[in-house]
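1. Pasting the sequence and the predicted model now:
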Amino acid sequence: MSEVTLTSRQIERSLSQQIQAIYKDQLGVRPEKVVCHFFDQKLAIVLEKVTTPSEQLLLSNDRVESAKKMRSHLDAALKPRLIELIEEISGAAVKTLLSDTDLTYDVSGMIVVLGDVPPVQNVESVPKSRQT
């Protein structure tokens, strides 16, 4: 049986759902919204409402630097699992994953640089992709 090639939108949706699941499982917080979008060999990811109760406690007690350090450690701990997930779902190797979180606005962002454009059914729908 041959493997079915997904569309870019199907892969983006699957990544969004699985990233939400990882955050819920690992941090106890399910982001309210996760948006993934491919651009050539890049993947942009935006997560909304990601602050954990521990970070919220620190922030409400004017311990902003402690909350930022905690988030930095959480992001670093999640990074290998996120890379593994992105490679598994997209079918493309991850060269690097850059991430940051703004606790004031409760939003995280990631830029993922891939080794190649993911193998998708509709490569023409991936903005700026180099179609062969």
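-> Cool, the structure landed. Numbers count the residues shown, from 1 in each chain.

2. For the residue most central in space within the chain, which residues are in contact?
-> Centre of the chain computed as the mean C-alpha position; nearest residue by Cα atoms, centre = their mean is Ile45, 4.6 Å away. If you count contacts by Cβ atoms under 8 Å, 6 or more residues apart in numbering, Ile45 has them with 15, 19, 34-36, 109-112. Glycine gets a C-beta too; all of them are placed from N, C-alpha and C.

3. need the residues you listed in TSV with pLDDT, secondary structure and neighbour count, can you?
-> Shown next, in TSV, are the contacts of Ile45 (pLDDT from 0 to 100; DSSP: H, G, I helix; E, B strand; the rest coil; neighbours: other Cβ atoms under 10 Å):
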residue	pLDDT	secondary structure	neighbour count
Leu15	96	helix	24
Ile19	97	helix	24
Val34	97	strand	25
Val35	97	strand	15
Cys36	96	strand	25
Gly109	97	strand	14
Met110	97	strand	22
Ile111	98	strand	14
Val112	97	strand	24
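
4. name the element His37 belongs to?
-> Secondary structure from DSSP states H and E places His37 in strand 33-39.

5. can you check Leu6 too?
-> Using DSSP H and E, Leu6 sits within no helix or strand.

6. Might one say that Ser54 is in contact with Met70?
-> Yes: using Cβ atoms under 8 Å, Ser54 is in contact with Met70, at 6.6 Å.
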